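Chemist: just need the structure, nothing else, for what follows:
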Amino acid sequence: MFKNIFTARDFHMPYSRQHTSRTRQRILDSAVLLFSRHGYDGVTLDELMQEAGLTRGAFYAHFTSKQNVYVEAMRHAATHGPMAALNEQTGEQSLKDMIRGYLDMGHVRQDGPLCLLAFLVTDITNQQPEIRDIYKQIFEDLISRVTKLKMTEEPDTVLALTALMIGGVAVARALNDDELSTRVLNSSYRISERLISENL
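Modeler: Numbering: from 1, shown residues only. Below is the predicted model:
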């Protein structure tokens, strides 16, 4: 009889969809964190995979390139970030509460889900046109979701509100003075609240 010359390690069962999805999520979560801190040029694939606790070889099972994961990280943050819960049932107070959470030092310090529209606002200007197009799409999607709340017929109000939120976080993040950053966030929120009360 033939001897069994194979061992268990010679057989590699394919990963389940759930495992594959979790691995992709880990990479994207790490990408959002690192790109938001260091920008596109400040992150290597080795650093990304180390942050995710995975080998570099695992990267190419999910993404084709660094540019690809950068784009997907923006999309991931848009669907898991602080404004992701906006829907047609969101009321005025819920919207104010979301904006309050967005314009918060916890968001600036990356204590929870991030909005890369704010964190990549300067980094994105140095990227390829196709990447900037993705940023634009995500921005327009946020505008669309706020507009669908049907609280206003004034598109400029929604644009101003969104720009105020993104700009408030971007400026607060750039400052190395927590007190001044907090004032920027609080002032941005007060003006946002007024815009909502008067126009939405």
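Chemist: neighbours of residue 92, how many?
Modeler: 13 (other Cβ atoms under 10 Å). Placement of C-beta: from N, CA and C, glycine included.
Chemist: err, residue 17, not the other one
Modeler: For residue 17, using other Cβ under 10 Å, the count is 8.
Chemist: got it, and residue 67?
Modeler: Residues near residue 67, counting by other Cβ under 10 Å, number 14.
Chemist: same question, residue 73
Modeler: 27.
Chemist: and the one 3 residues further on, by the same measure?
Modeler: The number of residues packed around residue 76, counting by other Cβ under 10 Å, is 19.
Chemist: next up, the contacts around it.
Modeler: If a contact means Cβ atoms under 8 Å, 6 or more residues apart in numbering, then residue 76 has 28-29, 31-32 as its contacts.
Chemist: swap in 10 Å and give it another go.
Modeler: Counting by Cβ atoms under 10 Å, 6 or more residues apart in numbering, residue 76 touches 24-25, 27-29, 31-32, 69, 116.
Chemist: can I get the residues you listed in a markdown table including neighbour count and distance to residue 154?
Modeler: Shown next, in a markdown table, are these (neighbours: other Cβ atoms under 10 Å; distance: Cβ to Cβ, whole Å):
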| residue | neighbour count | distance to residue 154 |
| --- | --- | --- |
| 24 | 18 | 39 |
| 25 | 14 | 38 |
| 27 | 25 | 40 |
| 28 | 21 | 35 |
| 29 | 18 | 36 |
| 31 | 27 | 36 |
| 32 | 24 | 32 |
| 69 | 23 | 37 |
| 116 | 23 | 27 |
